[in-house]
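S.K.: give me coordinates for this.
(one chain, ligands or ions: 2)
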Amino acid sequence: MRLLKGVRLASGEVTDITIEAGKIARIGKSKESGLDCSGLIALPGFVDLHTHLRQPGFEASETVLSGSRSGVAGGYTALFAMANSDPVADNASVVEQVMTLGQEAGLLEVRPIGAVTKGLGGEELSALGLMASSAAKVRVFSDDGHCVHDPLVMLRALTYVKGLGGVVAQHAQEPRLTEGSQMNAGALSTELGLKGWPAVAEESIIARDALLAEQVGARLHICHLTTAGAVDVVRWAKARGIQITAEVTPHHLMLTEDLVRTYDPVFKVNPPLRTREDTLALREALIDGTIDIIGTDHAPHSSEKKDCEWDQAAFGMVGLEHAASVAQEVLIESGASDWERFTEVLSSKPAQIGSLGDQGSLKEGQEANITLVDPAASREIQAETLSLSRNNPFAGLTLKGQVVHTLFRGKFSFRDGKVKNA
Ligand SMILES: [Zn+2]
Ligand SMILES: [Zn+2]
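M.R.: Numbers count the residues shown, from 1 in each chain. Ligands and ions are numbered 1, 2, ... in the order given. As a prediction, this is how the structure comes out:
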C-alpha cells in the first residue's frame, strides 16, 4: 500500500489517496501515515497524443527509453509515438516493436501511432486493419510530418479508420502552397528574405478534411493548430456537428515568429511560429474548448541537424518537460481558467481521443497513474533536459509549476525530481 497525504485535487479539495496493487483504492482522508504531499496538486497522469520518439531509425536524436524518461519528468504516464520512424510504422511489426520497446522502458505507456499511408508516401493506404488488430491495438493513425494531401486517399482513410473505431490525426499542410517554406508568411518573412508559409495552407486543409469527415461520419483530429483562421475553421466545424478535435503545442502558445530574427534554428518548426495575434487566438481557443488538447509535438533533433544555417536545419522542438508549465501559464496564471480545464487538456481529452478508455481521470478502482505538481515552484528552463536532444526553444524562460512526482500503475516513475530507473 502507498499513501499520498494531503494532496489537493483539481476540484480544490484537500485529501489523501490510497494506492493498492497499482490501483487507486481510495480517495479520502486516512488515519495512516504516508508521503507528505502538502502543497502539491494531484492530477491524472498526462497523456501526449503527439510525441516523436525517433526509434527505430533515429536513435541519435531520441530513443523510446530516453523519450520515456523525458516524458515522466514532464508528468506523462502515456505517450503516443508518431509513425515517422525508419522504417515507418506502417505495418504490424513496427508498431509492435515500438510497443515492446515501451514496455521494456517500463516508465509509462507507449502507444504507437500507425501511418495512414505506406512509407508516408501519401498514395497507398497502409495496413490499417492489421495494425489495429495487432498486439499494439493501434487506434490513432497519422502521416504526421506529412499531410495526407490527396482528398481521395483522405476520404478512404477516414472511412476505413472509422470502421476500426479509431481516428485520423492530420498534419494540415497543403504541400504546393508550402514548397520550400521556412517561416510564417507575412511582413517579417519578406523583411528577412525567407520563403513564407501561408496560414491558408493550414486552414484550407482543415476545412476540406472537416467536410470529408462530415461526409463519412468519421472522427478527425487536427494536429498542432497555429493560426487564428484555423481556430475559426474548427469553431465552425464543431458548430456544424462535425466530429473534429484539435490540438495546440506548448511552443505555439508561448512563442512567436519574432524569434526567427535571431536566425537560431532552435526556433525553426513545422508548422512555423506565427504572430502574436495567432498566439492569443490559440490561447483563447484552448480556454473556451475550441481547441481540445495540448499535444507537445516533441520533436528531438540531434545537434547535427540543428547546429547549422537556418535553411539547412531540421524542423522541430522538444517539449515534453515544459508542457505542464505552459498549460499552467495559459490556464491558471492568466486567471482565465482552472485546474479542471488543465486536467482536460493534458489528461482526459487526449486519453479519450486516443481510445485509452478511463485513463485521464482520478477515480477509485482505476490504475494509479498520477502526476503531482508543485504549482508554486518557479524555475528557469535549461536547454538540457532528459531528452537526448537539446533543441529546446524554452531555454532561458522562467516558468511556474514543477512536476515533483509521477506514478505509473501505482509505482513512482519519477520521484522528487528524479527518474526511477526501471
Ligand atoms: Zn506535424
Ligand atoms: Zn509532429
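
S.K.: number of residues surrounding the residue in the stretch 251-400 of the chain that ligand 2 sits nearest to?
M.R.: Of all residues in the stretch 251-400 of the chain, residue 297 sits closest to ligand 2, at 4.3 Å by Cβ to the ion. Placement of C-beta: from N, CA and C, glycine included. Residues lying near residue 297 (other Cβ atoms under 10 Å) number 29.

S.K.: show me what contacts the one residue in the stretch 101-250 of the chain that gets nearest to ligand 2?
M.R.: Proximity of the stretch 101-250 of the chain to ligand 2 (Cβ to the ion) peaks at residue 144, 4.4 Å away. Residue 144 makes contacts with 50, 82-84, 113, 169, 171, 223, as judged by Cβ atoms under 8 Å, 6 or more residues apart in numbering.

S.K.: now the closest residue to residue 365 other than its chain neighbours. Its backbone dihedrals?
M.R.: Ranked by Cβ to Cβ, 6 or more residues apart in numbering and with sequence neighbours excluded, the top spatial neighbour of residue 365 is residue 23, at 6.2 Å. Torsion angles at residue 23 (phi, psi; degrees, to the nearest 10) stand at phi -120, psi 160.

S.K.: quick one: residue 23 and residue 200, what's the gap?
M.R.: Residue 23 sits 49 Å away from residue 200, going by Cβ to Cβ, to the nearest Å.

S.K.: before we move on, the earlier item: shouldn't the residue of the stretch 251-400 of the chain closest to ligand 2 be in contact with residue 271?
M.R.: No: Residue 297 is beyond contact range of residue 271, at 9.3 Å (criterion: Cβ atoms under 8 Å).

S.K.: got the phi/psi numbers for the residue of the stretch 251-400 of the chain closest to ligand 2?
M.R.: According to degrees, to the nearest 10, residue 297 has phi 50, psi 40.

S.K.: repeat for residue 141
M.R.: Main-chain torsions, residue 141, degrees, to the nearest 10: phi -120, psi 130.

S.K.: bridged to it, which residues?
M.R.: Judged by DSSP bridges, the bridge partners of residue 141 are residue 114, residue 168.

S.K.: what's around it, how many residues?
M.R.: 31.

S.K.: swap in the one 4 residues further on?
M.R.: Other residues near residue 145 come to 19 when the count uses other Cβ under 10 Å.

S.K.: now the one 10 residues further on
M.R.: By the other Cβ under 10 Å criterion, the neighbourhood of residue 155 contains 17 residues.

S.K.: which ones are touching it?
M.R.: So residue 155 contacts 212, 215-216 (Cβ under 8 Å, 6+ apart).

S.K.: mind checking which of these are buried?
M.R.: Buried by 16 or more other Cβ atoms under 10 Å: 212, 216, out of the contacts of residue 155.

S.K.: from the contacts of residue 155, which is closest to residue 18?
M.R.: Nearest to residue 18, judged by Cβ to Cβ, of the contacts of residue 155 is residue 216 at 46.0 Å.

S.K.: phi, psi of the closest one?
M.R.: Main-chain torsions, residue 216, degrees, to the nearest 10: phi -100, psi 0.

S.K.: likewise for residue 236?
M.R.: Residue 236 adopts backbone torsions of phi -60, psi -50, taken as degrees, to the nearest 10.

S.K.: hmm, residue 402 and residue 380 touching each other?
M.R.: No: Residue 380 sits out of contact with residue 402 when judged by Cβ under 8 Å, with a separation of 11.5 Å.

S.K.: more neighbours: those two, which one.
M.R.: residue 402 (19 against 10).

S.K.: who's in contact with the closest residue to ligand 1 within the stretch 51-200 of the chain?
M.R.: Ligand 1 sits closest to residue 171 of the stretch 51-200 of the chain, with a gap of 3.7 Å, by Cβ to the ion. Residue 171 is in contact with 142-148, 223-224, counting by Cβ under 8 Å, 6+ apart.

S.K.: redo that, cut-off 6 Å
M.R.: Shown in contact with residue 171 (Cβ atoms under 6 Å, 6 or more residues apart in numbering): 144, 147, 223.

S.K.: and the first one, what element?
M.R.: Residue 144 belongs to no helix or strand when elements are defined using DSSP states H and E.

S.K.: and the gap between it and residue 338?
M.R.: The value you get for residue 144 to residue 338, if Cβ to Cβ is used, is 31 Å.

S.K.: ok so, going back, spit out the residues that contact residue 297 and residue 271 alike.
M.R.: With Cβ under 6 Å, 6+ apart, residue 297 and residue 271 have common neighbours residue 224.

S.K.: what's the burial count for the nearest residue to residue 315 once chain neighbours are set aside?
M.R.: Sequence neighbours aside, residue 270 is the residue nearest to residue 315 in space, at 3.7 Å (criterion: Cβ to Cβ, 6+ apart). By the criterion of other Cβ under 10 Å, residue 270 has 19 neighbours.

S.K.: so how far is residue 318 from residue 270?
M.R.: Residue 270 is 14 Å from residue 318, by Cβ to Cβ.

S.K.: same question for residue 345.
M.R.: Residue 345 sits 19 Å away from residue 318, taking Cβ to Cβ as the criterion.

S.K.: who has more neighbours out of the two?
M.R.: For residue 345 versus residue 318, the count of surrounding residues by other Cβ under 10 Å is larger for residue 318: 33 against 25.

S.K.: I'd say that one and residue 297 touch.
M.R.: No: between residue 318 and residue 297 there is no contact under Cβ atoms under 6 Å: 9.6 Å.
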